[in-house]
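Engineer: Here is a sequence with its predicted model. Questions after.
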Amino acid sequence: MALTRERKVELVQEYGDKLGRAQVAIWTHYSGISVEQITLLRRQAQEAGAELVVVKNTLIRRALEENGKPYDPEVMTGPCLVAFAYDDIAQAAKVIADYARGSQERMRIVGGILGDQLVSPQEVQSLTDLPSREELLARVLGGVQAPVSGLVGVLSSVLRGIVNVVDARADQLKGAEA
């Protein structure tokens with residue numbers, strides 16, 4: 001069934017909105033994947049803060065042009081499934097890469113857009129090596145906490161030294177009175 005002109009305009013706007021909100025868009029080519037498998041993958045991606053969309057290549061190309069985003073025409077051939085990662089790009093990339101790895105060549109990553117830069121399939125794969133958002137926050141917190149706890153340790157040792165000196169002097173004065 002052919003799309004009406006109005007529906008095409010709506011799709012271009014939807015794609016543009018998704019591209020504007022997404023931190024990364026990952027392009028995959030797929031074939032021979034059932035609707036149930038794509039639905040399962042969509043759920044996993046949604047849990048990772050991403051949205052999977054089977055796109056019309058000419059319409060996504062138009063949305064990319066309208067939003068000033070780069071694109072590779074070679075990537076936009078055949079059936080394309082695009083993952084728009086909004087939150088945790090590492091987790092979203094892991095979900096897509098894990099599925100592609102286990103799909104026996106029925107799905108493969110062919111590229112993506114990170115910010116306003118085109119990225120290769122290898123660069124998309126390197127996104128999977130990034131720590132998750134929670135892990136990064138824990139590292140930052142640990143980095144901030146370490147110097148503070150070190151300062152507390154130094155200050156408490158100085159105070160302990162002062163208390164020990166005062167204690168020793170008090171013992172000395174008691175001994176002199178007796």
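Structural biologist: That came through, no problem.
Engineer: just checking, His44 touches Gly102?
Structural biologist: Just to correct that, residue 44 is Gln rather than His. No. Gln44 is not in contact with Gly102 according to C-beta atoms under 8 Å; the separation is 11.9 Å. To be clear about C-beta, it is placed using only N, CA and C from the backbone, and glycine gets the same treatment.
Engineer: higher neighbour count, these two?
Structural biologist: Applying other C-beta atoms under 10 Å to Gln44 and Gly102 shows that Gln44 carries more neighbours, namely 18 against 9.
Engineer: where's the residue nearest to that one when sequence neighbours are not counted relative to Ile38, distance?
Structural biologist: Nearest non-adjacent residue to Gln44, counting by C-beta to C-beta, 6 or more residues apart in numbering: Val95, 4.9 Å away. According to C-beta to C-beta, to the nearest Å, Val95 and Ile38 sit 13 Å apart.
Engineer: Neighbour count: those two, which is higher?
Structural biologist: When Val95 and Ile38 are compared for neighbours, Val95 comes out ahead with 25 against 16, by other C-beta under 10 Å.
Engineer: Longest helix in this protein, please.
Structural biologist: helix 133-177 (DSSP state H).
Engineer: what about Ile26, how many residues close to it?
Structural biologist: For Ile26, using other C-beta under 10 Å, the count is 30.
Engineer: where along the protein do the strands fall?
Structural biologist: 24-30, 50-55, 80-85, 107-114, 117-119 (DSSP state E).
Engineer: The ones you listed: which one's closest to Ala170?
Structural biologist: Proximity to Ala170 (C-beta to C-beta) singles out strand 80-85 among those, at 65.6 Å.
Engineer: Give me the helices and strands touching the closest one, please.
Structural biologist: helix 5-21, strand 24-30, strand 50-55, helix 57-66, helix 89-102 (3 or more C-beta pairs under 8 Å, 6 or more residues apart in numbering; DSSP states H and E).
Engineer: what would those look like in a markdown table with distance to Ser126 and mean pLDDT?
Structural biologist: Converted to a markdown table, those look like this (distance: least, C-beta to C-beta, whole Å; pLDDT from 0 to 100):
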| stretch | distance to Ser126 | mean pLDDT |
| --- | --- | --- |
| helix 5-21 | 21 | 93 |
| strand 24-30 | 12 | 93 |
| strand 50-55 | 17 | 93 |
| helix 57-66 | 23 | 93 |
| helix 89-102 | 9 | 89 |
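Engineer: sorry, back to before: what sits against the residue nearest to Gln44?
Structural biologist: 41, 44-45, 48, 50, 83 (C-beta atoms under 8 Å, 6 or more residues apart in numbering).
Engineer: Can you tell me how far Arg108 is from Val24?
Structural biologist: From Arg108 to Val24 the distance is 17 Å (C-beta to C-beta).
Engineer: ok, these two, which is more surrounded?
Structural biologist: For the pair Arg108 and Val24, the greater number of neighbours falls to Val24 (21 against 14), based on other C-beta under 10 Å.
Engineer: No further questions, thank you.
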